[in-house]
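A.B. asks: the sequence and its predicted three-dimensional model are supplied below.
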Amino acid sequence: MYKNLAAALAAACFFPPLHAQAPAPVKAAWVYVTPLTDAGWTRQHDEGRRAVEAALGAQVQTTFVENVAEGADAERVIRDLARQGQQIIFTPSFGYMEPTLKVAREFPGVKFESITGLKQAPNVATANARYYEGRYLAGIAAGRMTKSGVAGYVAGFPIPEVLQGLNAFTLGLRSVNPRATVKVVWLNEWFNPPREREAATALMDQDADVLAFHTGSTAVMAAAEARGKLAVAYHSDMRGVAPSAQIAAITHQWGDYYTRRVKAVQAGRWQSGNLWGGVREGMVRVDAFGPKVPAAVQKEVLARQQGIAAGRLHPFAGPVIDGAGQVRVPQGRTASDREILRMDYLVQGVQGTLPR
């Protein structure tokens, strides 16, 4: 026994303190609804995953499963990831919402992020981007570039998120080209490159000289390039497949959001919630203009983008009138988030009706 404190301290000098063990990395997983390709919806979410790795290094361990169908397959994959000890699981597809909620009830200690989902739970957060803001801006560019006055739109499913984008694109188009119209082909699936290309071809055969799409591949861009037409890239910059056809790209930026959410798990501060971010938050951006777009058009689009970021411009500022002539948003008012999230109509300028 040491007789005094000084002796004890002197003895301690011979026994250096053990280094504190570094905390285990956060285990984070992503589930992708399509194969991981060079561009598109899944690519942008995987870029977000890579941004997490770049920001956190050894503090995070990420994994992903690609090409997982919505429904029973998604439930099985999400459950397997939870059983493997993943601490946070991101599920970026609307059809993953219910499987995510079901698995979350079985694993209350795991955090889940339902990207594009609408329902939260104590361990399930939701997040989405205001894609319609980018669509409006792309519509302005398309309205300036079209010569036929006809735009084509290849759409996945007639859900509110898709209707928001289609309607905003049409409103942007007609804000600079009031007589322009939009023709739509509905696919009722997110990813089918042959059908996407078929739809694009059919629209070009109906005089569409600019195209837009809400699907998961680059097929529409490739079709436009092959025919000498123009198209708006979605999710990613797609000049790699359409160097001449691309007007601009509506790009989605997930890295900052994903990094913040993984850090919250690491710090024990993760909470469920709902984020709907757009141009102002840096989650949506229109850029990557193609070589055929005049500088004046680029300048106009970027100025409007700044207007959205500053809150001076809103794509659904009234009057907004549907195809039947009904006023959906009156003059002097802007559509509320609740109205936008429940959108179930087509605006004037979109030819056709919603599929049943």
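C.D. replies: Cool, got the structure.

A.B. asks: and the closest residue to Lys111 other than its chain neighbours, its phi and psi?
C.D. replies: Among residues not flanking Lys111 along the chain, Ile88 sits closest, at 4.3 Å (CB to CB, 6 or more residues apart in numbering). All C-beta spots, glycine's among them, are computed from the backbone N, C-alpha and C. Note on Ile88: its backbone torsions stand at phi -140, psi 130 [degrees, to the nearest 10].

A.B. asks: how many other residues sit next to Pro160?
C.D. replies: For Pro160, the count of nearby residues is 17 (other CB atoms under 10 Å).

A.B. asks: for stretch 325-339, measure first residue to last.
C.D. replies: Across stretch 325-339, the terminal residues are separated by 18 Å (CA to CA, to the nearest Å).

A.B. asks: for the stretch 1-150 of the chain, which spans come out with low pLDDT?
C.D. replies: Where the stretch 1-150 of the chain drops to pLDDT under 70, the residues are 1-21.

A.B. asks: can you show me the strands along it?
C.D. replies: 26-31, 60-65, 88-92, 111-115, 124-129, 150-155 (DSSP state E, counting those that start in this stretch).

A.B. asks: do the same with the stretch 201-350 of the chain
C.D. replies: Under DSSP E, counting those that start in this stretch, the stretch 201-350 of the chain gives strands at 210-214, 230-235, 246-252, 274-277, 284-287, 320-321, 327-329, 350-351.

A.B. asks: so for Thr100, which of the ones you listed sits nearest?
C.D. replies: strand 274-277 (14.0 Å; CB to CB).

A.B. asks: format the strands of the stretch 1-150 of the chain as TSV; extra columns: mean neighbour count.
C.D. replies: Shown next, in TSV, are the strands of the stretch 1-150 of the chain (neighbours: other CB atoms under 10 Å):
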stretch	mean neighbour count
strand 26-31	24
strand 60-65	17
strand 88-92	28
strand 111-115	26
strand 124-129	22
strand 150-155	26
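
A.B. asks: can you list those in TSV and add distance to Arg197?
C.D. replies: Output for the strands of the stretch 1-150 of the chain, formatted as TSV (distance: least, CB to CB, whole Å):
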stretch	distance to Arg197
strand 26-31	26
strand 60-65	27
strand 88-92	24
strand 111-115	27
strand 124-129	26
strand 150-155	9
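
A.B. asks: center of this protein - which residue?
C.D. replies: Among the residues of the chain, the one closest to the centroid is His252, at 5.1 Å (CA atoms, centre = their mean).

A.B. asks: chain neighbours aside, what residue packs nearest to it?
C.D. replies: Going by CB to CB, 6+ apart, His252 has Gln44 as its nearest residue, at 4.5 Å.

A.B. asks: so who does that neighbour touch?
C.D. replies: With contact set as CB atoms under 8 Å, 6 or more residues apart in numbering, Gln44 has these partners: His235, Ser236, Thr251, His252, Gln253, Trp254.

A.B. asks: likewise for Ala69?
C.D. replies: Contacts of Ala69 by CB under 8 Å, 6+ apart are Val33.

A.B. asks: now swap in the one 3 residues further on and tell me
C.D. replies: Applying CB under 8 Å, 6+ apart, one finds that Ala72 lies in contact with Pro99.

A.B. asks: okay, now Gln206: neighbour count?
C.D. replies: By other CB under 10 Å, the residues close to Gln206 number 13.

A.B. asks: re the thing from before, out of the strands of the stretch 201-350 of the chain, the one nearest Val52 is which?
C.D. replies: Here strand 246-252 is closest among these (CB to CB), at 15.3 Å.

A.B. asks: ok, and what's touching that closest one?
C.D. replies: With CB under 8 Å, 6+ apart as the test, strand 246-252 has contacts from 41, 44, 129, 131, 134-135, 137-138, 141-142, 145, 210, 221, 230-239, 283-290, 292-293, 298, 301.

A.B. asks: if we use 7 Å, what do you get?
C.D. replies: Strand 246-252 is contacted from outside by 44, 129, 134-135, 138, 141-142, 145, 210, 221, 230-239, 283-290, 293, 301, using CB atoms under 7 Å, 6 or more residues apart in numbering.

A.B. asks: in stretch 48-64, what counts as buried?
C.D. replies: For stretch 48-64, burial by neighbour count (16 or more other CB atoms under 10 Å) applies to Gly48, Arg49, Ala51, Val52, Glu53, Ala55, Leu56, Gln59, Val60, Gln61, Thr62, Phe64.

A.B. asks: one step back: out of the strands of the stretch 1-150 of the chain, nearest to Trp190?
C.D. replies: Among these, strand 150-155 sits nearest to Trp190 (CB to CB), with 10.3 Å.
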